[in-house]
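Undergrad: Got a predicted structure plus its sequence, pasted below:
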Amino acid sequence: MKKTFLSLLAVAAMSTTALAAEIKPALVYGTGGKFDKSFNEAAYAGAEMYKKETGTDYRDFEPTSDTQGEQAIRNFASRGYNPVIAVSFAWTSAMEKVAAEFPDTKFVIVDSVVDLPNVRSVVYNEAEGSYLVGLLAGMASKTGKVGFVGGMDIPLIRKFGCGYVQGAKSVKADMQVFQNMVGTTGAAWNDPVRAGELTKNQIDQGADVIYAAAGASGLGVMQTATDNKKLSIGVDSNQNHVHPGSVLTSMVKRVDLAVYNAYKDTAADKFTAGVQSNGIKDGGVVAAMDDNNKALITPEMQAALDKAKADIIAGTVKVHDYMTDNSCPM
């Protein structure tokens, strides 16, 4: 009896291994680097979560240029990797080309939309999430002046900034919001020195809370804010731990779940193409709360945050999306 039971366990283990081996996942990051403590690292965390749960390994690649990104996506597809996930709007054109060339391969792009039958496009309502952290910034500010430092000057990052402005001004209509972008090329995601300089300039003008939506460049924002005894706000991943007690909150995009779910759905033969949009209602964007920032969040701030979330879900508060008309009403 004992031998039979052990034999069944062995068969079960072999079946699990076989199931896990059915997919051959790949991941292509944005140009900010895998360990940016932000967007790319969130994608990495999702892949690691799936690997830990199933034992299925994956291959990944860190491009340093747009050319490398397209080459990596095509290389993975040609070598039989499936699904192939590309995180960054920068890979939109590459994904359109490569996914059309490999119709039997499943692809996922994060932060952009590619309309092909074998591509899942995962997008987020960053305006809603940025509204929430803007609200907290407005309540935390003692000067009535807050700041925003974006990475690459593109509509997506303007979307973050516009949501932030709306949230801050919901607290105080005459709240002053300084906004700067690190640059106009992909290098803007990995220039913490320049981001720190912009942050210092905003602090010198009176800003006492600065929101970074700049990939690895955001680390320069947080360091400079901490050095000057001001507050910062992280993005994409929960960055509250980067400078505990100095990071007011983080606008988290659940990019980790986009990667994890794509792998899981493919393995279960439940992969679907099309657009998946994630906002406050589905938990796709959140203002991070943990032990690292709990001393900074007053009961009044928490109550205001909860009300704002409920009002946005109910539709009584409508957050303007910069990308609908390339403008911000405030």
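TA: Perfect, I can see it now.

Undergrad: quick one: V252 and I233, what's the gap?
TA: Distance, V252 to I233, by C-beta to C-beta, to the nearest Å: 11 Å. No exception for glycine: its C-beta is placed from N, CA and C like everyone else's.

Undergrad: And the two? Which one has more around it.
TA: I233 (33 against 24; other C-beta atoms under 10 Å).

Undergrad: Got phi/psi on that one?
TA: With angles defined as degrees, to the nearest 10, I233 sits at phi -130, psi 130.

Undergrad: roughly how far apart are it and N40?
TA: With C-beta to C-beta as the criterion, I233 and N40 are 19 Å apart.

Undergrad: Who are the packing partners of the host helix or strand of M181?
TA: Taking DSSP states H and E as the criterion, M181 maps to strand 176-183. Under the contact criterion of 3 or more C-beta pairs under 8 Å, 6 or more residues apart in numbering; DSSP states H and E, strand 176-183 touches strand 145-152, helix 155-171, helix 192-204.

Undergrad: avg pLDDT for it?
TA: In this model, strand 176-183 has an average pLDDT of 98.

Undergrad: what are the pairing partners of that strand, and which direction each?
TA: The strands beside strand 176-183 in its sheet (DSSP bridges) come out as strand 145-152 (parallel).

Undergrad: between the strand it pairs with and helix 155-171, how many degrees?
TA: 170 degrees (axes from the mean of the first three to the mean of the last three C-alpha atoms, to 10 degrees).

Undergrad: Not counting sequence-adjacent ones, nearest residue to L27?
TA: D60 (4.2 Å; C-beta to C-beta, 6 or more residues apart in numbering).

Undergrad: Provide the secondary structure category for the one you found.
TA: strand (DSSP: H, G, I helix; E, B strand; the rest coil).

Undergrad: can you pull the contacts of it?
TA: A26, L27, V28, Y29, K34, Y44, A47 (C-beta atoms under 8 Å, 6 or more residues apart in numbering).

Undergrad: before we move on, the earlier item: could I have the strand holding M181 exported to PDB, CA atoms only?
TA: Taking C-alpha atoms only, strand 176-183 is exported to PDB below (Å, rounded to 0.1, in the frame of the first residue of the first chain):
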ATOM      1  CA  GLN A 176       1.100  74.900  -7.200                       C
ATOM      2  CA  VAL A 177       2.500  71.900  -9.100                       C
ATOM      3  CA  PHE A 178       5.900  72.100 -10.700                       C
ATOM      4  CA  GLN A 179       6.500  69.600 -13.600                       C
ATOM      5  CA  ASN A 180       9.700  68.600 -15.400                       C
ATOM      6  CA  MET A 181      10.700  65.800 -17.700                       C
ATOM      7  CA  VAL A 182      14.100  64.200 -17.500                       C
ATOM      8  CA  GLY A 183      14.500  64.000 -21.300                       C
END
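
Undergrad: Which of the helices or strands spans S277?
TA: Element membership of S277 [criterion: DSSP H and E] is strand 274-278.

Undergrad: Show me what that strand is packed up against.
TA: Under the contact rule (3+ C-beta pairs under 8 Å, 6+ apart), strand 274-278 is packed against strand 119-124.

Undergrad: Kindly calculate the angle that the strand it packs on makes with strand 274-278.
TA: Angle between the axes of strand 119-124 and strand 274-278 is 20 degrees (criterion: the same axes, to 10 degrees).

Undergrad: to the chain's geometric centre, what's the distance from the helix or strand that strand 119-124 is followed by?
TA: Once strand 119-124 ends, the next helix or strand along the chain (criterion: DSSP H and E) is helix 126-140. Taking C-alpha atoms, centre = their mean, to the nearest Å, the mean C-alpha location of helix 126-140 is offset from the chain mean by 16 Å.

Undergrad: same deal with stretch 24-40?
TA: In terms of C-alpha atoms, centre = their mean, the centre of stretch 24-40 is found 11 Å from the chain centre.

Undergrad: And it, end to end?
TA: For stretch 24-40, the first-to-last residue distance is 20 Å (C-alpha to C-alpha, to the nearest Å).

Undergrad: Right, I'll leave it there.
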